[in-house]
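*Asks:* Give the three-dimensional model of this entry:
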Amino acid sequence: MTLTNAPMLETKRLILRGPEKADADAMINFLMDETRAVGFGGYTKRSDAWRWFTLNVGHWHWHGYGYFTIQDKETGKPAGISGIWNPEGWPEPEVGWVVFDGFEGKGIAFEAATRVRQWAYDDLGFTTLTSNIVPGNSRSIRLAERMGATYERTYDNPNMGEDMLYRHPGPEAA
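*Replies:* Numbers count the residues shown, from 1 in each chain. As a prediction, the model looks like this:
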C-alpha cells in the first residue's frame, strides 16, 4: 500500500488541505465539546480525541481520501474539516463537514463541502455520495438540503447509533 497525501483544493475564501500536527488542538477541542461534537460522537478524554484525529490521517492512506482541514485564507486558522469519510461499518462514502467555534454562520461549511463533492466526482470518479446526519442536527440537515441532497432513510450507524442518510445529486446534476 502506498501512502496518500491529500491534495490542496481552493475556493474563494478557503484552502482545503491534509491534516497537519498543528491542526490537532483545534480538532481535539472540537471533539471534546460535548454539544458541538454530537455528530462525531464526542469524547471526554483527550487521548480518545487524539486517536480520532490520527484516524483521519490513516483514513487518507487507507482510502486515498479523508477529511481535509478547512483553512481560512484570511486568518490562516483551521476553520473546520470537510471531506469524504468511509470507515468500516459505514453504508457508503459520505461527504461530511464540521465548522469550528467562531466560524459558524459564514457559509464556510457549504463552500468547503461543495468543493469536496466536486473533487470526489471530478477527480476520484465517485458517482454518488451521501451525508449521514444525527437526527436533530437541523443545521446539517439544512446544509445537506441546500447542497441538493434528499433524505433517503434512517439506519443504525455502528459508531453513532441512529443516523439519517441524505443522498446527494450525482455528478451530472451537482
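*Asks:* only C-alpha atoms for contact and neighbour calcs from this point on.
*Replies:* Fine.
*Asks:* tally of neighbours for Ala173?
*Replies:* Counted with other Cα atoms under 10 Å, the neighbours of Ala173 add up to 7.
*Asks:* and it, which of the three is it?
*Replies:* Put simply, Ala173 is coil when judged by DSSP: H, G, I helix; E, B strand; the rest coil.
*Asks:* Tell me how far it lies from Leu14.
*Replies:* Per Cα to Cα, to the nearest Å, Ala173 is found 24 Å from Leu14.
*Asks:* Can you show me the strands along this structure?
*Replies:* Secondary structure of the chain (DSSP state E): strands located at 9-10, 14-17, 67-72, 78-85, 94-99, 130-133, 150-157, 161-167.
*Asks:* will you turn those strands into JSON lines that also has mean pLDDT and mean neighbour count?
*Replies:* As requested, the strands of the chain are arranged in JSON lines below (pLDDT from 0 to 100; neighbours: other Cα atoms under 10 Å):
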{"stretch": "strand 9-10", "mean pLDDT": "98", "mean neighbour count": "16"}
{"stretch": "strand 14-17", "mean pLDDT": "98", "mean neighbour count": "22"}
{"stretch": "strand 67-72", "mean pLDDT": "97", "mean neighbour count": "26"}
{"stretch": "strand 78-85", "mean pLDDT": "97", "mean neighbour count": "26"}
{"stretch": "strand 94-99", "mean pLDDT": "96", "mean neighbour count": "24"}
{"stretch": "strand 130-133", "mean pLDDT": "96", "mean neighbour count": "26"}
{"stretch": "strand 150-157", "mean pLDDT": "96", "mean neighbour count": "14"}
{"stretch": "strand 161-167", "mean pLDDT": "95", "mean neighbour count": "19"}
